[in-house]
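Novice: what follows is a predicted structure for the sequence shown.
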Protein chains: 2
Amino acid sequence: MKEPKKYHIIQEYIKKRIQGGEYAIDSYLPSENDICKKFGTTRTTVRKALDELLKEGFIAKEHGKGSKVIARRKSLGLLTIKGFSGAIDYEVDTILTKKPDISTWDPVIAFALTEEEERSACVYFQRVRHINGSPVVLENNWYALNALEMIKPDDFIDGSFFKTLSQKYFIEVMGAEQELRAITASEEIAKSLKIATGDPILHISVRFRTSKPNLNLYGDLYCKTTDYPIRNTYFG
Amino acid sequence: MKEPKKYHIIQEYIKKRIQGGEYAIDSYLPSENDICKKFGTTRTTVRKALDELLKEGFIAKEHGKGSKVIARRKSLGLLTIKGFSGAIDYEVDTILTKKPDISTWDPVIAFALTEEEERSACVYFQRVRHINGSPVVLENNWYALNALEMIKPDDFIDGSFFKTLSQKYFIEVMGAEQELRAITASEEIAKSLKIATGDPILHISVRFRTSKPNLNLYGDLYCKTTDYPIRNTYFG
DNA sequence: AAGTGGTCTAGACCACGCG
DNA sequence: GCGTGGTCTAGACCACTTT
């Protein structure tokens, strides 16, 4: 019944090649006319596919030059470590403080789990992000084991879970919901972030939705915002 | 030299009518074919115009039914009061605690002003948002007087500055940058929000960019997040 | 001048919602 | 069945970038 749409086929074809590194970042895609020939279609359809990739943040269009593959940095809320002020200027190191392991769902998760997730065991891991050698974010993560095999410590690409998902599993983060609160640091958190117990801390609970049905990523973050406030940008 | 683009003309035509209330919220726009006839063009062009309005968050498309005008609620960061958890369920009251008046730029503003703004006087006002009768957000706002006349207390539509801008001046908020910090409440803030001095508070500094060149809105918010955490959602 | 993306025309057929 | 939006074709001309 459901005919696959041509533009969608083209879109996914190109996306896989970007995710796999075949179309490298900062390089240009084949021209619209070349893509037309390859898929035996018209520019309208090819442009629709490219428009989708543009919306998803995989490419940028340059009039007279071509469609350039860009580092995916669509501001997905505050969580992408790139969302930090000057994450590009500063050196951000990610340390895996608790290796991925099978665990039970933690009650701190601020979102209701699906029935599917309730039934499944979950994978838990913890990381601490450092800027200039000092810890700024403590991050707990969970996901349902029945939606994705257990990730191995070596699988993290540059300490990033999202990059791993994209390049190894071709899974993209599609959206997120988050809850922010200002709280005082518990003893444990204070210790991890090298601050005093009772200092104000930004607490972020987040659920990421992915392109893989049933796979959500849950996060629980504690951010020391005194030196590095959380910054983000939205645009029309 | 610069030919006005047809789709852009159509886009602006419809936008003005939505902003002015001529195309009411929850009503349907004329069909694509009707718009084609009205402007003597083809569906490709009309659909391009509608796509832009879709991206801007003015309309939603419903297959088989039409294009519906929606309340503009594009998640522009955390600041739209609608970003609060259940702002639709709870009753949000906005109280103007300091009427718009000419002032000097406050040094708490976390963003660099343009030269144009530096030269201009600025308009300052303060509001407190209440949910169920209890204060949850203290909000300071500034904008350059030379970019927009001084707004009058009666001009606020439902206590909203954005609605006023849209419906009275046809100015839309195009984007925002913000900085978030967890801090402890000063005596003054504690008093306004009826909490204890030293309680953790979420501080948000924001700059809104508008469709009117040179007009930026600066905000400085203090949010009591214990009972009403800030929530927001992103989608692919 | 040649190649790229941006806009636009004038059609066609399909999938969805509703009476 | 009819009107709506969704997809697609096969062209055309324009604006921008590079050689």
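Specialist: Sure thing, it's come through.
Novice: now do the residue most central in space within chain A against DNA strand C, distance only.
Specialist: Per CA atoms, centre = their mean, the C-alpha nearest to the average position across chain A is that of A:Phe162, at 4.2 Å. Distance of A:Phe162 to DNA strand C, given as CB to the nearest atom of the strand, to the nearest Å: 27 Å. Glycine gets a C-beta too; all of them are placed from N, C-alpha and C.
Novice: which SS state does that residue fall under?
Specialist: helix (DSSP: H, G, I helix; E, B strand; the rest coil).
Novice: hmm, A:Ile171 and it touching each other?
Specialist: No - using CB atoms under 8 Å, A:Phe162 is not in contact with A:Ile171; the gap is 9.0 Å.
Novice: just the pLDDT at A:Lys82, thanks.
Specialist: Per-residue pLDDT puts A:Lys82 at 49.
Novice: and stretch A:34-48 with DNA strand D, contact?
Specialist: Yes - interface with DNA strand D: stretch A:34-48 contributes A:40-45, A:48 (CB under 7 Å from any atom of the strand).
Novice: which member of the residues you listed is positioned nearest A:Gln167?
Specialist: A:Lys48 (25.8 Å; CB to CB).
Novice: what about the closest one, neighbour count?
Specialist: The number of residues packed near A:Lys48 is 16, by other CB atoms under 10 Å in any protein chain shown.
Novice: same question, A:Arg17
Specialist: 14.
Novice: quick check: the residue lying closest to it once chain neighbours are set aside vs A:Cys36, distance?
Specialist: Distances taken as CB to CB, 6 or more residues apart in numbering or on different chains place A:Tyr23 nearest to A:Arg17, at 4.7 Å, with adjacent residues excluded. Separation of A:Tyr23 from A:Cys36 (CB to CB, to the nearest Å): 17 Å.
Novice: write out the residues of chain A neighbouring DNA strand C.
Specialist: Listed as neighbours of DNA strand C in chain A under the rule CB under 7 Å from any atom of the strand: A:1, A:3, A:28-29, A:31-34, A:43-44, A:47, A:61-67.
Novice: among these, which are in helices?
Specialist: In this view, those that belong to helices under DSSP state H are A:32-34, A:43-44, A:47.
Novice: okay, those in a markdown table with neighbour count, distance to A:Met150 and pLDDT next?
Specialist: Output for these, formatted as a markdown table (neighbours: other CB atoms under 10 Å in any protein chain shown; distance: CB to CB, whole Å; pLDDT from 0 to 100):
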| residue | neighbour count | distance to A:Met150 | pLDDT |
| --- | --- | --- | --- |
| A:Glu32 | 18 | 42 | 97 |
| A:Asn33 | 10 | 45 | 96 |
| A:Asp34 | 11 | 41 | 97 |
| A:Arg43 | 12 | 45 | 97 |
| A:Thr44 | 11 | 44 | 97 |
| A:Arg47 | 17 | 41 | 98 |
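Novice: DNA strand D: which of these is nearest?
Specialist: When those are compared for distance to DNA strand D (CB to the nearest atom of the strand), A:Thr44 wins out at 3.1 Å.
Novice: skipping adjacent residues, who's closest to that closest one in space?
Specialist: B:Thr44 (7.6 Å).
Novice: enumerate the residues of chain A near DNA strand D.
Specialist: A:5-8, A:40-45, A:48, A:62-65.
Novice: widest-spaced pair of the residues you listed?
Specialist: A:Lys5 and A:Gly64 (28.8 Å).
Novice: which of these two has more neighbours?
Specialist: Taking other CB under 10 Å, A:Lys5 and A:Gly64 do not tie; A:Lys5 has more neighbours (12 against 4).
Novice: can you read off the pLDDT for that one?
Specialist: 94.
Novice: same thing with A:Cys36?
Specialist: 97.
Novice: please apply the same query to the one 5 residues further on.
Specialist: The predicted local distance difference test score for A:Thr41 is 97.
Novice: what about it, neighbour count?
Specialist: 17.
Novice: is it part of a helix or strand, or is it coil?
Specialist: coil.
Novice: thought A:Gly198 was touching A:Glu187?
Specialist: No - between A:Gly198 and A:Glu187 there is no contact, the gap being 9.2 Å when judged by CB under 8 Å.
Novice: A:Pro135 and A:Lys194 touch, don't they?
Specialist: Yes - counting by CB under 8 Å, A:Pro135 does reach A:Lys194; the two are 5.8 Å apart.
Novice: ok, those two, which is more surrounded?
Specialist: A:Pro135 (19 against 10).
Novice: would you map out the domains in chain A?
Specialist: Domains of chain A are assigned by automatic domain parsing as A:6-69, A:81-223.
Novice: now those in TSV, with distance to B:Tyr234?
Specialist: Below are these laid out as TSV (distance: least, CB to CB, whole Å):
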stretch	distance to B:Tyr234
domain A:6-69	12
domain A:81-223	5
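Novice: show me where chain A has strands.
Specialist: With DSSP state E as the criterion, chain A has strands at A:59-62, A:66-69, A:92-103, A:122-131, A:134-144, A:173-184, A:200-210, A:216-223, A:230-234.
Novice: and the first one, what's buried?
Specialist: Right, strand A:59-62. A:Ile59 (16 or more other CB atoms under 10 Å in any protein chain shown).
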